[in-house]
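1. Kindly return the folded structure for what I paste below:
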Amino acid sequence: MVNFRHAIPTEVFFGEGQVKNLADVLNRYGKKVLLVYGGGSIKKTGLYDTVMEILNANGFVVTECAGVEPNPRIESVERGAKLCRDHSIDVILAVGGGSTVDCAKAIATGALYDGDYWEMVETANKIRKALPLVDIITLSATGSEFDANAVISNMTTNEKLGGVFCYPTVSICDPTYTFSVSAYQTAAGSADIMSHIMENYFSRTDDSDLSEGIAESILKSVIHNLPIALKEPDNYSARANLLWDSSIACSGIPGYGKQATGWPCHAMEHELSAYYDITHGVGLAILTPRWMRYILAKDPSVTARFAKFARNVWGLEGSDDAQLARLGIDKLESFFKEVGIPMTLTELNINEENFRKMAEHADKVSSLRNAYVPLMVEDIIEIYKACL
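-> Numbers count the residues shown, from 1 in each chain. I've put the predicted structure just below:
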């Protein structure tokens, strides 16, 4: 095992009805609240009314920052940070999915930042000041409710960059708020959960037993609960397990003690989203099996790791590691297809026009030359091509 640091300062209220704690939580920080949310789904489900009733009944002064995009953009960060300054905001309340929470993290940081906001995103790992952030999560996907990371897009420059901004001080996680999520977004979010695990799981470290066990358990939980949630959208047990899977998957815990991997699929997907604004989880689902097959062919030394994935996650049996490795990848791809995720870039009307520019940028801003299996520009292009 390699050394690691554990520090997750977020307090989590998990379960049905936990919104009852909202007023007490916000009162810790002040009365002036910036309410951040997305395209209006929280109004359709009634959650907006629930939140506003609590805020109004307890004397909070609310400023709204609505319209956060699915891939949150730097313009929304700038707008939210300005609102914080103009209204002397005490605390930010983000209500929505991971994109809303990501944007709120950058807003919380931007409110106390003096300078260009895109430069802030580019240097986010060096920033340690932010307004307090509380969130109510409505989607099982990014794990943004339990980590400090955020990903922000600049569509003008075709860049999508992730960085460390701030942890939510409190996250309210009520699985019933995910009942209304569409089948497509439920599947895409679950692919994101699985990717967060697999990005750490495929590592050169083989002796971090607890992390390995946690990672495999989360993958098996998603594989079990996603089909149930798709068939029965209001199945509390399935939704609750997916929501907690999401939180832990991106908390860093499943990667403790493991050598860094470079998170290659995320790096490649960020380029796709930056150019084509696609759903993050869908891009990851398309890329991951192709990346797996490519690195397995490029570096057969990873065969044993893929065979372990096949045995411990998919329950496959056999003594031929090479065959098991291939079968495990096939099972993953079949699972994504079965839950309704598009599995080619062609289905998303994406061709190879921008592949080289995307690969060169991924090579520039990511750690892919130090990845689990190192990737150069030409390798990245070939993986993109395999996704067509």
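2. If you count neighbours, what's buried in the helix or strand Thr63 falls within?
-> Using DSSP states H and E, Thr63 falls within strand 61-65. For strand 61-65, the neighbour count (16 or more other C-beta atoms under 10 Å) marks 62-63, 65 as buried. Heads up, the C-betas are built off the backbone N, CA and C, glycines and all.
3. any idea which of the residues you listed is the one closest to Val25?
-> Among these, Val62 lies closest to Val25 (C-beta to C-beta), at 15.0 Å.
4. you'd agree the closest one is up against Val51?
-> No - using C-beta atoms under 8 Å, Val62 makes no contact with Val51, being 9.1 Å away.
5. residue ranges of the strands in the stretch 151-300 of the chain, please?
-> 159-164, 170-173 (DSSP state E, counting those that start in this stretch).
6. Tell me which of the ones you listed sits most buried.
-> strand 170-173 (a mean of 24; mean count of other C-beta atoms under 10 Å).
7. burial measure for the closest residue in space to Glu269 that isn't next to it in sequence, as a count.
-> By the measure of C-beta to C-beta, 6 or more residues apart in numbering, the closest residue to Glu269 outside its immediate chain neighbours is Gly283, 4.0 Å from it. One way to gauge burial is a neighbour count; for Gly283, by other C-beta atoms under 10 Å, it gives 28.
8. pLDDT score for Gly283?
-> The per-residue pLDDT reported for Gly283 equals 97.
9. helices and strands of this structure: which one has the lowest mean pLDDT?
-> The weakest-scoring helix or strand in the chain, judged by mean pLDDT, DSSP states H and E, is strand 159-164 (a mean of 93).
10. who are the neighbours of that one, in terms of helices and strands?
-> helix 117-122, strand 149-154, helix 264-276, helix 355-365 (3 or more C-beta pairs under 8 Å, 6 or more residues apart in numbering; DSSP states H and E).
11. redo that, cut-off 7 Å
-> Contact analysis of strand 159-164 by 3 or more C-beta pairs under 7 Å, 6 or more residues apart in numbering; DSSP states H and E lists helix 117-122, strand 149-154, helix 264-276 as its packing neighbours.
12. Okay, now the sheet partners of that strand, with direction.
-> Take DSSP bridges as the rule and strand 159-164 pairs in its sheet with strand 149-154 (antiparallel).
13. Can you give the contact residues for the partner strand?
-> 71-74, 77, 102, 105-106, 118, 121, 160-165, 270, 273-274 (C-beta atoms under 7 Å, 6 or more residues apart in numbering).
14. what angle sits between it and helix 264-276?
-> Angle, strand 149-154 to helix 264-276, by axes from the mean of the first three to the mean of the last three C-alpha atoms, to 10 degrees: 30 degrees.
15. thinking again about what came up before, output the strand holding Thr63 as CSV, restricted to C-alpha atoms.
-> Extracted C-alpha coordinates of strand 61-65, given in CSV (Å, rounded to 0.1, in the frame of the first residue of the first chain):
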residue,chain,number,x,y,z
VAL,A,61,-33.0,36.1,2.7
VAL,A,62,-32.8,34.2,-0.6
THR,A,63,-31.0,35.2,-3.8
GLU,A,64,-31.5,32.7,-6.7
CYS,A,65,-28.9,31.6,-9.2
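16. what's downstream of it, the next helix or strand?
-> Criterion used, DSSP H and E; the element after strand 61-65 is helix 74-86.
17. in that following helix, what's buried?
-> 74, 76-81, 83-84.
18. Just the CA trace of the following helix or strand past it, in PDB.
-> Downstream of helix 74-86, the first helix or strand assigned by DSSP H and E is strand 91-96. Output in PDB follows, covering the C-alpha atoms of strand 91-96 (Å, rounded to 0.1, in the frame of the first residue of the first chain):
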ATOM      1  CA  VAL A  91     -23.900  30.500   2.700                       C
ATOM      2  CA  ILE A  92     -24.600  28.800  -0.600                       C
ATOM      3  CA  LEU A  93     -27.400  26.200  -0.900                       C
ATOM      4  CA  ALA A  94     -27.100  24.000  -4.000                       C
ATOM      5  CA  VAL A  95     -30.200  21.900  -4.900                       C
ATOM      6  CA  GLY A  96     -29.800  19.400  -7.800                       C
END
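19. Need the three-state assignment for the spatially most central residue of the chain.
-> Closest residue to the average C-alpha location of the chain: Thr142 at 2.5 Å, with C-alpha atoms, centre = their mean. Secondary structure assignment for Thr142 (DSSP: H, G, I helix; E, B strand; the rest coil): coil.
20. What's the separation between the residue lying closest to Asn241 once chain neighbours are set aside and Asn149?
-> Among residues not flanking Asn241 along the chain, Asn225 sits closest, at 4.7 Å (C-beta to C-beta, 6+ apart). Distance, Asn225 to Asn149, using C-beta to C-beta, to the nearest Å: 24 Å.
21. what's the answer for Arg326, then?
-> Distance, Arg326 to Asn149, by C-beta to C-beta: 33 Å.
22. Repeat that for Tyr29.
-> Tyr29 is 22 Å from Asn149, by C-beta to C-beta.
23. Ala274 now?
-> Taken as C-beta to C-beta, the span from Ala274 to Asn149 is 17 Å.
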